[in-house]
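**Student:** sharing a model prediction with you, sequence too.
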Amino acid sequence: MTENVRLIRRTDLETPDGVFTLALSAGDLSSLYPGMTRYALSLSRGAEVIGTFLTNTYEYSPTVSLDAETAALQKAAAWERELRENRDRFLAVLGKKIQKRPYALPISDVAVIQGSPRADGNCSIMAGWVVEAAEAAGKTVQVIYPDDLDIHPCIGCYRCYNTGVCAFEDDMVDVIRVITHSSLLVICSPVYTNTVPGGLKIVIDRCQTFHAAKTLGIAGKMPDSLLFAVCGRKGLSNFASLTSVVGAFVGNLGIRLAGEVLVDGVDHLRDVRLVDGLEEQVKERVRSCLLSPPPGP
């Protein structure tokens, strides 16, 4: 998406260390969300960008007296004042590198989100079939268990639309990294109250940062995806809400849903391994995605 940017203010400050430029601009993102504007303040010296501050109109709820433009203007005034009065200390703080948390999950060819909180249930069995099929095809696999991770729910702060990165630095950093570097995303999920379990829904919501990164033009190619789901009751209609949620999730991110396998009546059956041909069906779906060339644009 092209962001229409206009310059609001530019200030050049002459100092013994050279000329510093403070530039404040506004980018129109209303084609994404009605009335969304992203304000960008940058401090530079020549071609060197020393620091940036980003904020957008959707960060500010109706009950907050401050708005994005005012916040950006106040930040610009504060930076100018610091440059004039406490330049050395201000530049030292602004240029300080933030230590990032170490990655815990290795990247892989296939990312599997095992959405069930039951690590030994039917979704786990299907996830195991995915692993076997991927490894047989010579691919690496990483299985992600949301309920074993420290992942904060999305709070709708919209800060990801400033940088393409979530404001929370928790285990979701690893999840996003694994999905981003995979060529196939597999979602295994049971039906909980007609939809996906809570842990999986948190992951889905936090993946909104992908949408933000795509909007800002900094996201890479999205993987294909598969959905394998189980439901206790009989009837494929019981999957309606789950498939709607997963469909909205992958559609929002521009991920192609290459196929799905839905297994109903599991309360009566108890074990998906008893379904004739199911294991081969799941593995064939995985093989098809991994061995077939991706579709053209």
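**Tutor:** Happy to help now that I have it.
**Student:** from residue 262, how far off is residue 30?
**Tutor:** Separation of residue 30 from residue 262 (Cβ to Cβ, to the nearest Å): 39 Å. C-beta: built from backbone N, CA, C; applies to glycine.
**Student:** please say which of these two ends up with more neighbours.
**Tutor:** More neighbours surround residue 262 than the other of residue 30 and residue 262, with 15 against 11 (other Cβ atoms under 10 Å).
**Student:** against which helices or strands is the helix or strand encompassing that one packed?
**Tutor:** Using DSSP states H and E, residue 262 sits in strand 257-263. When contacts are defined as 3 or more Cβ pairs under 8 Å, 6 or more residues apart in numbering; DSSP states H and E, strand 257-263 sits against strand 224-230, helix 240-253, helix 278-291.
**Student:** who wins for proximity to residue 161 among the ones you listed?
**Tutor:** Closest approach to residue 161 among these is made by helix 240-253 (13.6 Å; Cβ to Cβ).
**Student:** list the helices and strands the closest one packs on?
**Tutor:** Other helices and strands packing on helix 240-253, by 3+ Cβ pairs under 8 Å, 6+ apart, are strand 184-190, helix 198-206, helix 208-215, strand 224-230, strand 257-263.
**Student:** tally of neighbours for residue 71?
**Tutor:** Counted with other Cβ under 10 Å, residue 71 comes out at 18.
**Student:** residues in contact with it?
**Tutor:** Residues counted as contacts of residue 71 (Cβ atoms under 8 Å, 6 or more residues apart in numbering) are 39, 55, 60.
**Student:** my reading is that residue 19 lies in a strand. Confirm?
**Tutor:** Yes. Counting by DSSP: H, G, I helix; E, B strand; the rest coil, one finds residue 19 located in a strand.
**Student:** what residues are up against it?
**Tutor:** 12-13, 45-46.
**Student:** dump the contacts of residue 71 to TSV, plus neighbour count.
**Tutor:** Below are the contacts of residue 71 laid out as TSV (neighbours: other Cβ atoms under 10 Å):
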residue	neighbour count
39	24
55	24
60	18
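**Student:** mind checking which of these land in strands?
**Tutor:** 39, 55 (DSSP state E).
**Student:** between the contacts of residue 71, which sits nearest residue 26?
**Tutor:** The closest of the contacts of residue 71 to residue 26 turns out to be residue 39 (Cβ to Cβ; 5.4 Å).
**Student:** shouldn't that closest one be in contact with residue 25?
**Tutor:** Yes. Applying Cβ atoms under 8 Å, one finds residue 39 in contact with residue 25, separated by 7.3 Å.
**Student:** between these two, which contacts overlap?
**Tutor:** By Cβ under 8 Å, 6+ apart, the residues touching both residue 39 and residue 25 are residue 8.
**Student:** quick one: buried residues of the strand holding residue 262?
**Tutor:** 257-261, 263 (16 or more other Cβ atoms under 10 Å).
**Student:** and for stretch 162-181?
**Tutor:** Neighbour-count burial for stretch 162-181 flags 162-166, 168, 171-180 (criterion: 16+ other Cβ under 10 Å).
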